[in-house]
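Sequence and predicted structure, then a few things I'm wondering about:
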Amino acid sequence: MEKQKKQFKLNNFNNVMWLKNSFKTNIIIYLLPTIIFLSCSSKIEESKINENKTLPFVFLNKIDTVTFKEYPATIEGVMDIEVRSRVDGHLIHQFVDEGSYVKKGDPLFKLDDLPYLELYNEALANLNEAENALLNAKLELDRLIPLIENKISSEYELKIAKTNYKIAQTRVAKASSAAKSTKINVDFTTIKAPISGYIGRIPRKIGSLITRNDIESLTSISNVEQIFVYFSLSEMDFNHFKDTYNGNTLTDKIKQVPAVSLLLADNILYSEKGKVDMVNGQFDRTTGSITLRAIFPNSKALIRSGNTGKIQMQINHQDVFSIPQSATLDIQDKTFVYVLDKNNKVHAQAIKVLTNSSNNYLFRSDLSFGNRIVTKGIDALSDGETINPVEEEL
């Protein structure tokens, strides 16, 4: 009996242990698919992350910067004067050569003055004759005055004497004027420099007949102690120009324009700075542009009238973004950038480019999704795509 009880207890213990082991096995069997699913899901997520493109981005912040814009320009001396003769005659002497420097009043050319000297001598003779006639009229008037007082001559004779005296005075004035006029013509046969400057081309040669109505001038003189540089702005650039500088009037705005530079035809920057001092009164209807003028010092006369170059204008930009041009995409007439949101999704956003600075674009557009901009690989991106961003320095 005792033996049967022990055997019963042993069987019960074995049954309990079997149930426990069976329960554990069932739990493992039931949980195994979940474990496998979670493990696979983790690997899938990791695989998806690895499949996302890894692309660089930059943080954009508003900055203040300066750019320079170039405009084709023509150069003139502060005075460019054509030299013409004021009388007719044959050219008999040339005092200067092309390119030489002359001062105001220096003789340049000499015309044959013999015909004008003859006229001048004749005018002097007429003047001398008129002056003698005036002297006779004065003597006659002086003779009659005492006779009238003594009632020897009549008042009528005195009036005639006074009239003749006035006529003689008029003839002297007329002869004197004629003499001066012919003397001026004699002086005009020596053609002098109207200003100080450099002589231009001299197309006429000794012996040429020079007239006042010649189409071609004898030469030209350029005063280049200062130079005028003329350049044109489009209507859009001019509107930006007006909006950039403070002032109630255009004259006030011009005073605020910073000094400008001159880039010569050989791409060498001129050593002196210039100042914009004039805006033309109207736009050119054919080109849609307006002319501005800058004045530069030229004390060494390194630049001559007729040179060409480019004006470099400094443009100040405040509160703008700067982005590499390689980070933009042009579609039709718009420029786009890819902006990253907080979930690292890219969004195409149009920007309005103000200008370019070196290899960068400057723009003022508000960035809707943040200030992280993808800088490379944008050609293969699509809107809403998720990437692995890596920050790079600008």
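That came through fine.

Only the buried residues of the helix or strand in which residue 144 is found, if you could.
Using DSSP states H and E, residue 144 maps to helix 114-149. Buried residues in helix 114-149, counted by 16 or more other Cβ atoms under 10 Å: 116, 119-120, 123-124, 126-127, 130, 133-134, 137, 140-141, 144. C-beta here means a position set from N, CA and C on the backbone, and glycine is covered the same way.

Turn those residues into a markdown table, columns for distance to residue 383 and pLDDT.
A markdown table is the format used below for the buried residues of helix 114-149 (distance: Cβ to Cβ, whole Å; pLDDT from 0 to 100):
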| residue | distance to residue 383 | pLDDT |
| --- | --- | --- |
| 116 | 89 | 95 |
| 119 | 93 | 95 |
| 120 | 93 | 95 |
| 123 | 95 | 95 |
| 124 | 99 | 94 |
| 126 | 100 | 94 |
| 127 | 99 | 93 |
| 130 | 102 | 93 |
| 133 | 108 | 91 |
| 134 | 106 | 91 |
| 137 | 110 | 88 |
| 140 | 115 | 83 |
| 141 | 113 | 82 |
| 144 | 118 | 76 |
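
quick one: low-confidence ranges for the stretch 251-394 of the chain?
368-369, 394 (pLDDT under 70).

how about a cut-off of 80?
Filtered on pLDDT under 80, the stretch 251-394 of the chain yields the residue ranges 316, 357-358, 364-370, 393-394.

what does the stretch 51-200 of the chain give?
51, 144-156, 158.

All the helices of it, residue numbers only.
114-149, 155-188 (DSSP state H, counting those that start in this stretch).

Kindly reformat those helices as TSV containing distance to residue 262.
Shown next, in TSV, are the helices of the stretch 51-200 of the chain (distance: least, Cβ to Cβ, whole Å):
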stretch	distance to residue 262
helix 114-149	47
helix 155-188	39
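
what about those helices, which gets the closest to residue 69?
Between residue 69 and the helices of the stretch 51-200 of the chain, the shortest gap by Cβ to Cβ is with helix 155-188, which sits at 49.6 Å.

Next, the angle helix 114-149 makes with that closest one.
Angle between the axes of helix 155-188 and helix 114-149 is 160 degrees (criterion: axes from the mean of the first three to the mean of the last three Cα atoms, to 10 degrees).

buried set for helix 155-188?
161, 164-165, 168, 171-172, 175-176, 178-179, 182-183, 185-186, 188.

what's the closest of those to residue 105?
residue 188 (14.0 Å).

Pretty sure that closest one sits against residue 84.
No - at 10.7 Å, residue 188 does not count as touching residue 84 under the criterion of Cβ atoms under 8 Å.

ok, residue 336 to residue 100 distance?
61 Å (Cβ to Cβ, to the nearest Å).

if you count what's nearby, which of those two comes out ahead?
residue 336 (17 against 11; other Cβ atoms under 10 Å).

re earlier: now the common contact residues for residue 188 and residue 84.
Here residue 188 and residue 84 have no joint contacts, going by Cβ atoms under 8 Å, 6 or more residues apart in numbering.

Identify the residues contacting the residue lying closest to residue 327 once chain neighbours are set aside.
Leaving aside its chain neighbours, residue 327 sits nearest to residue 375 (4.2 Å; criterion: Cβ to Cβ, 6 or more residues apart in numbering). Contact analysis of residue 375 by Cβ under 8 Å, 6+ apart lists 55-58, 323-324, 326-327, 392.
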